[in-house]
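1. Predicted model, plus sequence, below.
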Amino acid sequence: MHASSCLPLNHIDRMTDSAGLIQHAIYDIPRRSSGYTTDDNARALRLCARLCSGDTDDRMIERVACYLSFMEHAQRPTGGFHNFMSYQRDWLDTNGCGDSQGQAVLALAEVRAGNLPQGFRDLSKELMNNAAHVLTELTSLRAHAYVIQAWAILQRASVPDIGELESIARRAVDHLVHAWKSSRQQSWDWFEPQMTYANAVLPHAMFDAAEMWDDEVLLSIAESSFRFLDKATTSGDVFCPIGNHGWYARNAQKAIYDQQPVEASTMAAAALAGLDLQHDQEYVNAFQKARGWFHGQNTQHSQMANIESGGCHDGLQPTGINWNCGAESTLAYLWTEVLAGEAHHVTTDTHSVATAMKNTLKLHDATSIR
């Protein structure tokens with residue numbers, strides 16, 4: 001059975017209106033005053049494009065159409081994307097941030113490579129082509145990482161006419177390699193002097209680059225940086241992400257709180273990217289810990305996700321759960337569940353790792369995709 005028929009999208013649907021996905025919630029009710037972001041609508045677009053089972057999947061196609069329409073509206077005449085839009089549908093920024101450009105292209109790549117109507121894929125190609133020159137000017141490491149992931153999605157799907165994006169992705173890899181070499185020290189195997197948010201997208205991009213270009217140097221950077229991150233975000237036997245209340249600077253103490261769902265989701269995705277290449281138990285374990293964070297396997301033993309509605313609480317604080325269920329948090333949970341469903345089909349070179357993968361993804365019956 002395709003995941004789109006069993007993954008709960010009730011909360012995402014509640015948070016979506018005719019314009020797109022509303023950014024924040026008060027508890028599990030849309031907070032209209034927060035407006036919309038391209039980041040969140042891109043994440044929703046990517047999720048629904050991945051879940052779409054084809055032309056007969058009418059409800060999912062409607063979701064994709066809504067979020068893709070938002071992306072088309074967000075694109076500026078110069079090719080880049082706005083990020084913040086008010087509930088009154090006025091753009092609140094001039095250019096949008098670098099990360100939102102990368103998120104947009106990553107989502108559009110998912111559409112272009114997906115099982116969707118031709119017009120949807122054609123529009124995605126057009127929007128990506130319009131944004132190409134903006135992508136060459138990106139400075140954010142995470143934006144570079146999203147571009148690399150986008151190109152890898154298209155390459156795996158054998159999408160034609162992606163030579164320009166490959167060149168941009170190659171330059172993005174060079175930026176990440178330079179950052180890693182510049183920041184790395186004996187006790188700090190990382191791309192920046194401080195770990196902040198969505199950290200795992202950086203080694204994830206390096207795994208993708210190593211796969212696409214069959215490059216052992218890139219694979220070595222991906223492996224070492226992933227292991228460093230895994231160690232930094234493990235407390236006992238649970239995933240303990242870098243807290244956004246202070247982050248984690250080199251030669252300083254790591255902030256434990258507030259923990260954000262996006263950290264667990266990006267770590268889960270990076271672990272599977274590593275597993276695809278290395279078939280090593282450490283990546284299975286890392287995925288299990290990251291996914292388990294949503295289901296109570298965290299420093300507060302708190303259930304972060306609502307497995308009935310598909311919503312997810314916004315963070316874990318010293319005093320417990322942030323009860324609001326915003327767009328980013330909810331999409332982080334849903335994307336992780338999609339990956340968990342797909343991970344059952346990961347092929348490995350050894351029976352032992354395949355068996356471990358099957359067993360460790362079964363956290364308990366209540367956490368399976370419903």
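-> Thanks, I have the structure now.
2. Could you report the neighbour count for residue 89?
-> 11 (other Cβ atoms under 10 Å). Backbone N, C-alpha and C define where each C-beta goes, glycine included.
3. brain fart, residue 115
-> Counted with other Cβ under 10 Å, residues neighbouring residue 115 total 12.
4. Give me the pLDDT for it.
-> We have a pLDDT of 93 for residue 115.
5. for residue 369, same thing?
-> For residue 369, pLDDT reads 34.
6. likewise residue 351?
-> In this model, residue 351 carries a pLDDT of 38.
7. all strands of the stretch 201-350 of the chain, in order?
-> 234-235, 238-239, 248-249, 315-317, 320-322 (DSSP state E, counting those that start in this stretch).
8. Distance from the chain centre to the third one, please.
-> So that's strand 248-249. Taking Cα atoms, centre = their mean, to the nearest Å, one finds strand 248-249 lying 22 Å from the centre of the chain it belongs to.
9. in its sheet, what does it sit against?
-> Sheet pairing of strand 248-249 (DSSP bridges) gives strand 194-195 (antiparallel).
10. now the partner strand, how far from the centre of its chain.
-> Distance of strand 194-195 from its chain centroid, counting by Cα atoms, centre = their mean, is 18 Å.
11. what sits up against that strand?
-> Residues from elsewhere that reach strand 194-195 (Cβ atoms under 8 Å, 6 or more residues apart in numbering): 229, 232, 242, 247-250, 254.
12. Now that strand: average pLDDT?
-> Throughout strand 194-195, pLDDT has a mean value of 98.
13. re the thing from before, and of the strands of the stretch 201-350 of the chain, who's closest to residue 275?
-> Closest approach to residue 275 among the strands of the stretch 201-350 of the chain is made by strand 238-239 (16.1 Å; Cβ to Cβ).
14. what residue is smack in the middle of the chain?
-> Central residue of the chain (Cα atoms, centre = their mean): residue 266, 5.1 Å from the mean position.
15. tell me the contacts of that one?
-> By Cβ under 8 Å, 6+ apart, the contact set of residue 266 is 198-201, 204, 332.
16. now, which of these lie within helices?
-> Counting by DSSP state H, the contacts of residue 266 place 201, 204, 332 in helices.
17. Correct me if wrong: the first one contacts residue 149.
-> Right, the one you point to is residue 201. Yes - between residue 201 and residue 149 there is a contact at 7.5 Å, judged by Cβ atoms under 8 Å.
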